[in-house]
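Engineer: sequence-free structure coming up:
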Ligand code: AMP
Ligand code: MN
Ligand code: MN
Ligand code: MN
């Protein structure tokens with residue numbers, strides 16, 4: 001892919017196929033309108049938005065690679081691994097994602113039970129009414145329902161009081177192992193990228209082990225510039241990319257015009273000495 005002054009990549013965002021609020025075609029249109037020239041849709045544990053995203057991107061003349069954001073459990077915490085330039089027909093990948101989505105259903109029931117005990121009723125049905133894809137229930141859908149019902153003033157408050165790790169309605173997901181997620185991405189011909197490393201509450205030691213393990217397993221990339229990072233964290237993870245020889249990725253992590261910290265295509269450029277992840281696309 002040739003880069004010009006007008007080149008702009010956004011390789012992480014969500015549609016109604018997971019916990020975003022815009023249909024894949026509308027995410028594509030918004031990305032294009034905001035000047036994105038290389039785009040990926042990376043829904044949580046779900047690829048069903050990809051065909052519409054690809055078709056709309058094609059009609060707009062915007063380069064597109066199929067993507068995924070896989071939920072992983074590593075060192076007893078949730079970690080997100082993005083797979084870019086994947087073949088969405090790959091059976092290993094699809095079977096793995098189906099298993100995660102099945103567990104999301106079980107977890108959603110358990111979260112609703114916990115919320116009911118805390119005096120918040122009807123949250124399973126409520127979350128479902130916000131879900132564009134009934135097979136992909138996320139804490140985001142619960143949070144939207146709880147704000148609508150007036151239990152909390154903001155999504156942030158829902159997470160802080162109820163749904164974040166360690167809070168009273170938190171239920172850990174039965175996610176993929178890191179080895180499995182990388183196997184699925186690699187089987188599907190994709191490039192694996194550690195999503196928004198600045199969000200994880202790992203110790204220094206755990207981060208070092210994570211980066212080494214990921215690299216040994218064939219992981220290639222790390223997100224440096226993302227809507228989930230502060231500018232200080234851009235620098236911090238640019239250094240991690242240099243230190244470990246990771247390819248650098250960037251993405252807004254856009255979910256909704258109202259909720260997202262960063263809009264599609266509004267990312268600052270990455271430090272120019274880093275090797276961008278799209279060099280590995282072919
Ligand atoms: P889940 O995959 O069901 O565990 O839900 C995780 C999703 O919740 C993330 O992908 C975010 O979209 C959303 N999320 C996590 N923390 C927050 C927060 N503090 N405020 C708003 N949304 C959040
Ligand atoms: Mn999300
Ligand atoms: Mn994520
Ligand atoms: Mn995301």
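Structural biologist: Sure thing, it's come through. Predicted, not measured: the structure shown is a model, and the values here were computed from it. Ligands and ions are numbered 1, 2, ... in the order given.

Engineer: end to end on stretch 147-162, go ahead and measure it.
Structural biologist: In stretch 147-162, first residue to last residue: 12 Å (Cα to Cα, to the nearest Å).

Engineer: please enumerate the helices of the stretch 51-200 of the chain.
Structural biologist: 91-117, 123-130, 139-148, 155-158, 178-187 (DSSP state H, counting those that start in this stretch).

Engineer: make TSV out of those and add mean neighbour count, mean pLDDT and distance to residue 274.
Structural biologist: Every C-beta, even on glycine, is put in place using the N, C-alpha and C of the backbone. Converted to TSV, the helices of the stretch 51-200 of the chain look like this (neighbours: other Cβ atoms under 10 Å; pLDDT from 0 to 100; distance: least, Cβ to Cβ, whole Å):
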stretch	mean neighbour count	mean pLDDT	distance to residue 274
helix 91-117	17	98	27
helix 123-130	18	98	37
helix 139-148	22	98	30
helix 155-158	18	97	31
helix 178-187	21	98	21
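
Engineer: quick one: contacts for residue 211?
Structural biologist: Going by Cβ atoms under 8 Å, 6 or more residues apart in numbering, residue 211 touches 194, 222, 240, 244, 246.

Engineer: and residue 11, its phi and psi?
Structural biologist: With angles defined as degrees, to the nearest 10, residue 11 sits at phi -120, psi 30.

Engineer: isn't it right next to residue 36, touching?
Structural biologist: No - taking contacts as Cβ atoms under 8 Å, residue 11 lies outside contact range of residue 36: 9.5 Å.

Engineer: and the chain, which of its residues are near ligand 1?
Structural biologist: 19, 44, 71, 138, 139, 140, 155, 156, 159, 173, 255 (Cβ under 6 Å from any ligand atom).

Engineer: now the phi/psi pair for the fourth one, please.
Structural biologist: The reference is to residue 138. phi -120, psi 160.

Engineer: so who does the nearest residue to it once chain neighbours are set aside touch?
Structural biologist: Closest residue in space to residue 138, ignoring its immediate chain neighbours: residue 19 at 4.1 Å, by Cβ to Cβ, 6 or more residues apart in numbering. Residue 19 makes contact with 44, 136, 138, 140, 141, 255 under the criterion Cβ under 8 Å, 6+ apart.

Engineer: how about the spatially most central residue of the chain: what's its closest non-neighbour residue?
Structural biologist: The chain has residue 69 as the residue nearest its centroid, 4.3 Å off, counting by Cα atoms, centre = their mean. Computed as Cβ to Cβ, 6+ apart, the closest residue to residue 69 that is not its neighbour in sequence is residue 42, at 4.5 Å.

Engineer: pretty sure that neighbour contacts residue 82?
Structural biologist: Yes - between residue 42 and residue 82 a contact is recorded at 5.3 Å, counting by Cβ under 8 Å.

Engineer: count the neighbours of the closest residue to ligand 3 within the stretch 1-150 of the chain for me.
Structural biologist: Across the stretch 1-150 of the chain, the shortest distance to ligand 3 (Cβ to the ion) belongs to residue 80, at 3.7 Å. Using other Cβ atoms under 10 Å, residue 80 has 24 neighbouring residues.

Engineer: try residue 280
Structural biologist: So residue 280, with other Cβ under 10 Å, has 15 neighbours.

Engineer: before we move on, what about residue 64?
Structural biologist: Per other Cβ under 10 Å, the neighbour tally for residue 64 reads 21.

Engineer: quick revisit: distance to ligand 4 added to the contacts of residue 19, as a markdown table?
Structural biologist: Compiled in a markdown table, the contacts of residue 19 are given as follows (distance: Cβ to the ion, whole Å):
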| residue | distance to ligand 4 |
| --- | --- |
| 44 | 7 |
| 136 | 13 |
| 138 | 10 |
| 140 | 10 |
| 141 | 14 |
| 255 | 7 |
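
Engineer: tell me which residues of stretch 25-39 are tucked away?
Structural biologist: 25-32, 34, 36-39 (16 or more other Cβ atoms under 10 Å).

Engineer: of the residues you listed, just say which sits nearest to ligand 1.
Structural biologist: Distance to ligand 1 across these (Cβ to the nearest ligand atom) is lowest for residue 27, with 14.2 Å.

Engineer: how about the nearest residue to that closest one, chain neighbours excluded?
Structural biologist: Per Cβ to Cβ, 6+ apart, closest to residue 27 is residue 15, 4.9 Å.

Engineer: contacts only, for the one you found.
Structural biologist: Taking Cβ under 8 Å, 6+ apart, one finds 22, 23, 24, 26, 27, 41, 43, 49, 53, 132 in contact with residue 15.
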